[in-house]
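>>> Quick check, what structure comes out for this input:
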Amino acid sequence: MSDAQRDEGRYLKQGFGNEIGIQGRIALLLIDFVNGFADPAAFGGGNIPEAIDRSRALLATARRLGWKIAHTRIVFADDGSDANIFSLKVPTMLGLTEHNPASAIVPQLAPLEGEYVVRKTVPSAFAGTPLAAWLTRHGVQTIVIAGCVTSGCVRASVLDAMQAGFRPVIISDCVGDRALGPHEANLFDMAQKCGDVMDFDSLLSRLPNHND
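You can find the predicted model right below:
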């Protein structure tokens, strides 16, 4: 038996990894798919380009089914006056300002009118933003999540979504990280503790009864 199999068996024996399922109204949350994270010379690399490409079909599906859609960007003040502990740890994040092209959402996933764009200065899409209130106002119960990076802003947002009472569904081939080790480890851990992890095709197979 491999180490991975032993780990999975231990989690199963202890009661982790139960499926929470898709229920009620669904929203799509696209996390930090911006030019800077698509660029390996800036904040990108790994499998982020593949996640962006795969998310095009996911976004098209959400629009066709009439889901509420939210996008996030990291946006700091031009003068750095809102610098925080996150930017102390990663000072280059301060360059992601409102009009810096690196902070703009990639063209292939650009928001349409009526889609909510959340500006944030920490990893979580929920911390210090109105996102939870916006989702609640629209009666959302399940949040389908794509974005980058898996081990950072995606993980933080999934955890906060679960703690706020939403059902997170992480689309494994629509999230990416600059390093594949953290990507895989965090997908495993989120599946055990925070939400359901499935690929895009698996999501599609579960949608017919959840289109309202």
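>>> Helix or strand next in line after the least confident helix or strand in the chain by mean pLDDT, which one?
Of the helices and strands making up the chain, the lowest-confidence element is helix 3-13, at a mean of 83, by mean pLDDT, DSSP states H and E. Remark: after helix 3-13, the chain's next helix or strand is strand 25-31, criterion DSSP states H and E.
>>> what bits of the protein have low per-residue confidence?
Where the chain drops to pLDDT under 70, the residues are 208-212.
>>> Try it again at 90.
1-9, 12, 15, 17, 207-212 (pLDDT under 90).
>>> quick one, helices of it?
Secondary structure of the chain, counting by DSSP state H: helices at 3-13, 35-38, 48-65, 85-89, 131-137, 155-163, 180-193, 200-206.
>>> Please identify the most buried of the ones you listed.
Ranked by mean neighbour count under mean count of other CB atoms under 10 Å, the helices of the chain are led by helix 35-38, which reaches a mean of 24. All C-beta spots, glycine's among them, are computed from the backbone N, C-alpha and C.
>>> Which residues are in contact with residue 116?
Each residue near residue 116 by CB atoms under 8 Å, 6 or more residues apart in numbering is listed here: 68-71, 131, 134.
>>> what does residue 21 give?
With contacts defined as CB under 8 Å, 6+ apart, the neighbours of residue 21 are 167, 196.
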